[in-house]
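A.B. asks: Model the structure of this input:
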Amino acid sequence: NKRRIMRIFTLPPAAETAPEPNFYDSMKKIRLRQQLEMYSIARKYEQQQQQQPPK
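C.D. replies: You can find the predicted model right below:
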């Protein structure tokens, strides 16, 4: 996966000026996955806080 991302960033300038819709789709997916990861991390943190007695 990382190789694919690096390949996207190392495209020639010509490809950058006219990116394919595929590129936008992958960016959306990456952003969505990041949001999901942040959400799951937040939920884990909340559960840990709830388990511990408040000080």
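A.B. asks: what helices or strands is the helix or strand where I30 lies leaning on?
C.D. replies: For I30, the host element (DSSP states H and E) is helix 21-51. If you count contacts as 3 or more CB pairs under 8 Å, 6 or more residues apart in numbering; DSSP states H and E, helix 21-51 packs onto helix 2-9. C-betas here are computed from N, CA, C, even on glycine.
A.B. asks: Only the buried residues of stretch 33-40, if you could.
C.D. replies: Residues of stretch 33-40 include none that count as buried (16 or more other CB atoms under 10 Å).
A.B. asks: tell me the mean pLDDT over that stretch?
C.D. replies: For stretch 33-40, the mean per-residue pLDDT is 90.
A.B. asks: now the chain, which segments are flagged as low pLDDT?
C.D. replies: 1-21, 52-55 (pLDDT under 70).
A.B. asks: same thing but 90
C.D. replies: Residue ranges of the chain with pLDDT under 90: 1-33, 36, 41-42, 44-55.
A.B. asks: ok, now how distant is Q50 from R43?
C.D. replies: As judged by CB to CB, to the nearest Å, Q50 and R43 stand 11 Å apart.
A.B. asks: Then Q34?
C.D. replies: 15 Å.
A.B. asks: and what of N22?
C.D. replies: Taking CB to CB, one finds N22 at 32 Å from R43.
A.B. asks: Could you do I30 as well?
C.D. replies: Distance from I30 to R43, by CB to CB: 21 Å.
A.B. asks: now swap in M27 and tell me
C.D. replies: Counting by CB to CB - M27 and R43 are separated by 25 Å.
A.B. asks: cool, R31 as well?
C.D. replies: 19 Å.
A.B. asks: I30 and R43: who's more crowded?
C.D. replies: Of the pair I30 and R43, I30 is the one with more neighbours under other CB atoms under 10 Å, namely 13 against 10.
A.B. asks: what's the spacing between that one and Y24?
C.D. replies: Counting by CB to CB, the gap from I30 to Y24 is 11 Å.
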